[in-house]
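Peer 1: how does the following fold in three dimensions:
(2 chains)
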Amino acid sequence: GNSVTQMEGPVTLSEEAFLTINCTYTATGYPSLFWYVQYPGEGLQLLLKATKADDKGSNKGFEATYRKETTSFHLEKGSVQVSDSAVYFCALSGFQGAQKLVFGQGTRLTINP
Amino acid sequence: NAGVTQTPKFQVLKTGQSMTLQCAQDMNHNSMYWYRQDPGMGLRLIYYSASEGTTDKGEVPNGYNVSRLNKREFSLRLESAAPSQTSVYFCASRRQGSSSTDTQYFGPGTRLTVL
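Peer 2: Purely as a prediction, here's the structure:
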């Protein structure tokens, strides 16, 4: 079945550091890939997505590229801020049909000033 | 425009008690979902409803029932709560469209503890 594996957390960085959170997936067919972010006490918000190989999703300075050859969708940001502290989830789904999301376990990110 | 709302925010039950978690969306979306979030496991799909009047099982449906009351509302019922159902429950609704706009919107969650 489909599955998503994320980099183990928690991750702690200093402000303005470079961020990478690794995500790899196993899926049949050609899934869509997502990064969701969860701020403390809130529900999940879509951060970015990519729907086909070599697509790059981007939002709020975050980027991720759909790499079919390595089955990866790593999240990157060049210079993190304290306000980026949150839990980040990688997820996949088939585009056609019910869009049943399969999530990774989440990575807690803390940015220190 | 409130988006996706969930009630209650917190609930404590004793083993064997029943309760219903409520979810409503005001975005006129056809599809709605229930997920549970457990530490270290991400979110897992319990049930979903592709349209009013239809429901289907997700990855972890055992111990739950759902009702799609109308287009706005999708409730999750625990008939006989067990400690293994202690979790945070999220409802979501889906804006369907092109590949670039197709998105799920999540509610704030219900934290349930079963003693």
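Peer 1: any idea what B:Leu21 is bridged to?
Peer 2: Each beta-bridge partner of B:Leu21 is listed here: B:Leu76, as defined by DSSP bridges.
Peer 1: surely it touches B:Ala81?
Peer 2: No - at 11.3 Å, B:Leu21 and B:Ala81 do not qualify as touching, with contact defined as Cβ atoms under 8 Å. (Each C-beta comes from the backbone N, C-alpha and C, glycine too.)
Peer 1: give me the common contacts of these two.
Peer 2: With contacts defined as Cβ atoms under 8 Å, 6 or more residues apart in numbering or on different chains, the residues shared by B:Leu21 and B:Ala81 are B:Leu112.
Peer 1: poorly predicted segments of the chain, please.
Peer 2: The chain I'm using is chain A. For chain A, applying pLDDT under 70 flags the ranges A:95-98.
Peer 1: let's do chain B instead
Peer 2: Applying pLDDT under 70 to the predicted model, the residue ranges of chain B that meet it are B:1, B:99.
Peer 1: just give the nearest non-adjacent residue to the spatially most central residue of chain A, would you?
Peer 2: Most central residue of chain A, judged by C-alpha distance to the mean C-alpha position with Cα atoms, centre = their mean, is A:Trp35 at 3.3 Å. Excluding its sequence neighbours, the residue lying closest to A:Trp35 (Cβ to Cβ, 6 or more residues apart in numbering or on different chains) is A:Leu47, at 4.4 Å.
Peer 1: please apply the same query to B:Glu52.
Peer 2: Distances taken as Cβ to Cβ, 6+ apart put B:Lys71 closest to B:Glu52, at 4.8 Å, once the chain neighbours are dropped.
Peer 1: same check on A:Ser79?
Peer 2: Closest residue to A:Ser79 apart from its sequence neighbours, by Cβ to Cβ, 6+ apart: A:Glu16 at 4.8 Å.
Peer 1: can you give me the buried ones in stretch B:45-60?
Peer 2: Residues B:Leu45, B:Ile46, B:Tyr47, B:Tyr48, B:Ser49, B:Ala50, B:Thr55, B:Gly58, B:Val60 are the ones in stretch B:45-60 that count as buried (16 or more other Cβ atoms under 10 Å in any protein chain shown).
Peer 1: ok, the second one touching B:Arg36?
Peer 2: So the one you mean is B:Ile46. Yes - counting by Cβ under 8 Å, a contact exists between B:Ile46 and B:Arg36, whose distance comes to 5.8 Å.
Peer 1: just checking, B:Glu52 touches B:Asn70?
Peer 2: Yes - A contact is recorded between B:Glu52 and B:Asn70 when judged using Cβ under 8 Å, the distance being 6.2 Å.
Peer 1: on that earlier part again, farthest-separated two in the buried residues of stretch B:45-60?
Peer 2: Set against one another by Cβ to Cβ, the buried residues of stretch B:45-60 have their most distant pair in B:Ala50 and B:Val60, with a gap of 18.3 Å.
Peer 1: what number of residues lie near B:Arg111?
Peer 2: Around B:Arg111 there are 15 other residues, counting by other Cβ atoms under 10 Å in any protein chain shown.
Peer 1: pretty sure it contacts B:Gln11?
Peer 2: Yes - using Cβ under 8 Å as the test, B:Arg111 is close enough to B:Gln11 to be in contact (7.4 Å).
Peer 1: show me the contacts for the nearest residue to A:Lys56 once chain neighbours are set aside.
Peer 2: Nearest residue to A:Lys56 in three dimensions, chain neighbours excluded: A:Thr65, at 4.7 Å (Cβ to Cβ, 6+ apart). With contacts defined as Cβ under 8 Å, 6+ apart, the neighbours of A:Thr65 are A:Ala50, A:Asp54, A:Asp55, A:Lys56, A:Gly57, A:Phe73, A:His74.
Peer 1: if anything else comes up later, I'll come back, but that's it for now.
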